[in-house]
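Colleague: any chance you can model this:
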Amino acid sequence: MSVPPTSGRLRFTDVPALLRARLDHVLGSPVTDAVTPAGGFGHQLAAALTLADGRRVFVKAAPDDDPLTTANLHEGNVLGALPPGAPAPELLGIHRAGGWTAVVIAHLDGPHPDLSPVSGDAGQTWALLDKLTSSPAPAAYAAAVSTTPSTAATLHGWDELASDPPADLDPAAHDRLEQLAELEATWPGLAHGDRIVHGDLRADNMVRDGALGVTFVDWAHATTGPACIDAGSLAPQLVLAGHTPADIARLLQDHPATASDPETTTAFLAALTGHWHRNARQPAPPGAPGLRAYQHRAAAAGLALLGYRLRD
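Modeller: Predicted coordinates:
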């Protein structure tokens, strides 16, 4: 098996022989190759498998006592409950053997989308968010996420930074620390809603499939909430991709998912940016060496957007 080394992820050869044999059996053809795509910060196996008959599938797997197995199972349940036409891959099955659990997902054929200003992928992604959040989540989806607490609701950081401001804190944040902490404090009371929320939307959690177009992957953080969460999460990603903060600030004012409730959108963006600013200063977690550098960049992008939303 050929699995290029990435940021601390498990390899297919780490999977117990019992589970590999189980996958060969249920897939109807032996696995002949495994490739781990670049990107992502989790340590579990996340690999595209090629079968002897030429088919490809995507598999996430980890030991049963690994916390990421709970996240993988949550994602599998979510994929099985999303409404028809949702921008998500098909769930093919969940299989257990050798003390490990594997979630098998349809393989998407294509690169991550190009969210830069010269591409049409960003526009397609905004349109998908409008479609996904334009009506309440169906009952099956709401049931699938009902027992998993929303991580979005607990986002914070400005409260801790305000109590002991770090010397390297951006002056734009330092000057607004009290305001940012107050905005963040309102977020938990606004975080509940009935719309589908992906919960971790960025380019490396999307694929531009040749047949389906832009498709959202990695639904491990899926929940329900206000319509603004995914659009608010996407906005700093577009700044990182080369859009100007002014342009994205205008998009947030106009997009249906965020324009309908600007107060909630601003509170969420404040909480998310505070989370990034606080966590970027923590030691890197095992298996995710690039996470803190990413959070530094995302924190700066989020703060730039908040600057437009908080202008007097």
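Colleague: contacts and neighbour counts: CA atoms only from here.
Modeller: Noted.
Colleague: all strands of the stretch 201-312 of the chain, in order?
Modeller: Remark: strands of the stretch 201-312 of the chain, listed N- to C-terminal, are 206-209, 213-216, 223-225; assignment by DSSP state E, counting those that start in this stretch.
Colleague: now the spatially most central residue of the chain, nearest residue through space, not along the chain?
Modeller: In the chain, the residue lying closest to the centroid (C-alpha atoms, centre = their mean) is D200, at 1.9 Å. Leaving aside its sequence neighbours, D200 sits nearest to H221 (C-alpha to C-alpha, 6 or more residues apart in numbering; 6.5 Å).
Colleague: deepest of the strands of the stretch 201-312 of the chain, which one?
Modeller: strand 223-225 (a mean of 26; mean count of other C-alpha atoms under 10 Å).
Colleague: care to break this protein down by domain?
Modeller: Per automatic domain parsing, the structural domains of the chain span 12-106, 121-309.
Colleague: does A46 sit in a helix, a strand or a coil?
Modeller: What DSSP: H, G, I helix; E, B strand; the rest coil gives for A46 is strand.
Colleague: number of residues surrounding it?
Modeller: Residues contacting A46 under the criterion other C-alpha atoms under 10 Å number 26.
Colleague: ok so, going back, of all the strands of the stretch 201-312 of the chain, which one is nearest L45?
Modeller: The closest of the strands of the stretch 201-312 of the chain to L45 is strand 206-209. By C-alpha to C-alpha, the value is 17.7 Å.
Colleague: my guess is R22 contacts G98. True?
Modeller: No - taking C-alpha atoms under 8 Å as the definition, R22 is not a contact partner of G98, at 9.5 Å.
Colleague: okay, those two: which has more neighbours?
Modeller: Comparing R22 with G98 by other C-alpha under 10 Å, the one with more neighbours is R22, at 18 against 14.
Colleague: now the more buried one: which helix or strand?
Modeller: helix 17-27 (DSSP states H and E).
Colleague: contacts for that helix next, please.
Modeller: The contact list for helix 17-27, computed with C-alpha atoms under 8 Å, 6 or more residues apart in numbering, reads P30, V31, H95, R96, A97, G98, W100, T101, A102.
Colleague: mind running it again at 6 Å?
Modeller: Defining contact as C-alpha atoms under 6 Å, 6 or more residues apart in numbering, one finds that helix 17-27 is touched by P30, A97, G98.
Colleague: sounds good, over and out.
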